[in-house]
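In: return atomic coordinates for the entry below.
(2 chains)
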2 protein chains.
Amino acid sequence: MQLTQDKKQRGRPAKSGRDTTQTKAALITSGVEHFTQFGFASSGLDPILKKVGVPKGSFYYYFANKEVFGLAVIAHYDNYFAQKLDRHLCNTELTTEQRLMSFVGDAKAGIEKYSFNRGCLVGNLEQEIAMLPDSHREKIVEVMQGWQRKIAVYLKTICPGAKQEECDLLAEFFWIGWEGAVSRCKLVRTTQPIDLFINQFMKLIQK
Amino acid sequence: MQLTQDKKQRGRPAKSGRDTTQTKAALITSGVEHFTQFGFASSGLDPILKKVGVPKGSFYYYFANKEVFGLAVIAHYDNYFAQKLDRHLCNTELTTEQRLMSFVGDAKAGIEKYSFNRGCLVGNLEQEIAMLPDSHREKIVEVMQGWQRKIAVYLKTICPGAKQEECDLLAEFFWIGWEGAVSRCKLVRTTQPIDLFINQFMKLIQK
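Out: Residues are numbered from 1 along each chain as shown, chains lettered A, B, ... in the order given. As a prediction, the model looks like this:
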């Protein structure tokens, strides 16, 4: 199925002080917040629209449907998260060894900031993937591969002697465990599961 | 909040060939199947009742409300899963080393059997914990601790020289990574993430 946000727009833009680009961006931000906490499948659009004061009729001026909106939300989250990863993993003010822990500290602070109610959008959607459109599955696989490449490059930097294949597998293992740890943090309402995971992961890469 | 299934029963039992114990068991089984695939928060009771031919009015003869029903479903799943773990981890026909891999093989077959649409009920509920009642959170923590104790005992058996605290931490790490791996299997529709996770976990315990 070909999805596009550029098809003839239904509805009309919301009457507010914002221009259409700002309103579209506000809708996406509201979507990230809502889906990160409540998931996609069970979420109606109403609370997302209400938060930014956009009536339902106007929503279709910006997005063809909820599926297309979901793809835009995933892409936005990916952009935000990939930038966060780069900021830490490429931070030349830190030693190479410190950079991963710097990302971990940032992520833990984010989880605490939202009182353990928000996890990782991608982890949430992965869990409910059986209920999501195929386009979301394809997009999430692509996003995860991008994050894995960043960790693989980092691992190759700290272990230059390691085989590329080994770095790729460890990077995949990192995100599998990471999503499990973030989910566990929401359950026990502490960030101890992330500490436990990262400590064991560091032992593995020091092998 | 004190929850009990023994409060005065509303509704009346369904008219079917089953007795009330069988109907209650059938409702719980239907709940496990449904929540394992779709989660708890977004699921109405209707498809669960429809599958076993119980009208909504009769549901309240068996369970005070959806929260109490959810607790019964979690307890049932825990019982089933703990027995599965024991069957493999205490299987004296296998070497100690083979037992964990025997469990892993069984779990992988289960995930494939349901075409990657069902994950782990506890993992699903953990992901959506912010939307669930406190009683579910407490129950899931308790269930997870039980599974962790079983893996910790197993690890102590294969590494008698290891400290108990180390076995406990590794057991917690096991379930964090396990839930992440099961979730990833649903995304990529293969059991390769479980293989990757378990291979790295075996490297850790051989350290």
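
In: spell out the residue ranges of the helices in chain A.
Out: Assigned by DSSP state H, chain A shows helices spanning A:20-38, A:46-52, A:56-62, A:66-89, A:96-113, A:121-127, A:134-158, A:164-188, A:192-205.

In: pick the most deeply packed of the ones you listed.
Out: Mean neighbours per residue, mean count of other C-beta atoms under 10 Å in any protein chain shown, is largest over those for helix A:121-127, with a mean of 26. C-betas here are computed from N, CA, C, even on glycine.

In: residues in contact with it?
Out: A:32, A:35-36, A:39-40, A:73-74, A:77-78, A:81, A:132, A:136, A:140, A:143-144, A:179, A:182-183, B:39, B:119, B:123-124, B:127-128, B:183-184, B:186-187 (C-beta atoms under 8 Å, 6 or more residues apart in numbering or on different chains).

In: if we use 7 Å, what do you get?
Out: Here helix A:121-127 makes contact (C-beta atoms under 7 Å, 6 or more residues apart in numbering or on different chains) with A:32, A:35-36, A:39-40, A:77, A:132, A:136, A:140, A:143-144, A:179, A:182-183, B:124, B:127, B:183-184, B:186-187.

In: which residues touch A:Glu172?
Out: A:Glu172 neighbours (C-beta under 7 Å, 6+ apart): A:148, B:196.

In: enumerate the residues of chain A near chain B.
Out: Taking C-beta under 7 Å from any C-beta of the partner chain as the measure of proximity, chain A contacts chain B at A:37-39, A:41-42, A:117, A:124, A:126-131, A:137, A:140-141, A:169, A:172-173, A:176-177, A:179-181, A:183-184, A:186-188, A:193, A:196-197, A:200, A:203-204, A:207.

In: any idea how far apart the tips of stretch A:130-139 sit?
Out: 14 Å (C-alpha to C-alpha, to the nearest Å).

In: likewise stretch A:117-129?
Out: 20 Å.

In: now do it, average pLDDT.
Out: Averaged across stretch A:117-129, the pLDDT comes to 89.

In: how about residues contacting stretch A:130-149?
Out: The contact list for stretch A:130-149 (C-beta under 7 Å, 6+ apart) reads A:1, A:3, A:40-41, A:67, A:70-71, A:74, A:78, A:82, A:85, A:122, A:125-126, A:129, A:171-172, A:175, B:37-38, B:117, B:186-188.

In: circling back to that earlier point, between the helices of chain A, which gets nearest to B:Phe103?
Out: helix A:164-188 (17.2 Å; C-beta to C-beta).

In: dihedrals phi and psi, A:Asn64?
Out: You called it Asn, but residue A:64 is Ala. phi -60, psi -40 (degrees, to the nearest 10).

In: report the separation between it and A:Ala72.
Out: Taking C-beta to C-beta, to the nearest Å as the measure, A:Ala64 falls 10 Å from A:Ala72.

In: swap in A:Gly57?
Out: Using C-beta to C-beta, A:Gly57 is found at 19 Å from A:Ala72.

In: gap between the worst-scoring helix or strand of chain A on mean pLDDT and the chain center?
Out: The weakest-scoring helix or strand in chain A, judged by mean pLDDT, DSSP states H and E, is helix A:121-127 (a mean of 90). In terms of C-alpha atoms, centre = their mean, to the nearest Å, the centre of helix A:121-127 is found 8 Å from the chain centre.

In: now do stretch A:73-89
Out: 7 Å.

In: and it, C-alpha only, in PDB?
Out: The C-alpha coordinates for stretch A:73-89 follow below in PDB (Å, rounded to 0.1, in the frame of the first residue of the first chain):
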ATOM      1  CA  VAL A  73       5.200  10.200  14.900                       C
ATOM      2  CA  ILE A  74       7.600   7.300  14.700                       C
ATOM      3  CA  ALA A  75       9.800   9.200  12.200                       C
ATOM      4  CA  HIS A  76       9.800  12.200  14.600                       C
ATOM      5  CA  TYR A  77      10.700  10.100  17.600                       C
ATOM      6  CA  ASP A  78      13.500   8.300  15.600                       C
ATOM      7  CA  ASN A  79      15.000  11.700  14.600                       C
ATOM      8  CA  TYR A  80      14.900  12.900  18.300                       C
ATOM      9  CA  PHE A  81      16.400   9.700  19.600                       C
ATOM     10  CA  ALA A  82      19.100   9.300  16.900                       C
ATOM     11  CA  GLN A  83      20.200  12.800  17.700                       C
ATOM     12  CA  LYS A  84      20.400  12.000  21.400                       C
ATOM     13  CA  LEU A  85      22.500   8.900  20.600                       C
ATOM     14  CA  ASP A  86      24.900  10.900  18.400                       C
ATOM     15  CA  ARG A  87      25.200  13.700  21.000                       C
ATOM     16  CA  HIS A  88      26.500  11.200  23.500                       C
ATOM     17  CA  LEU A  89      28.300   8.600  21.400                       C
END
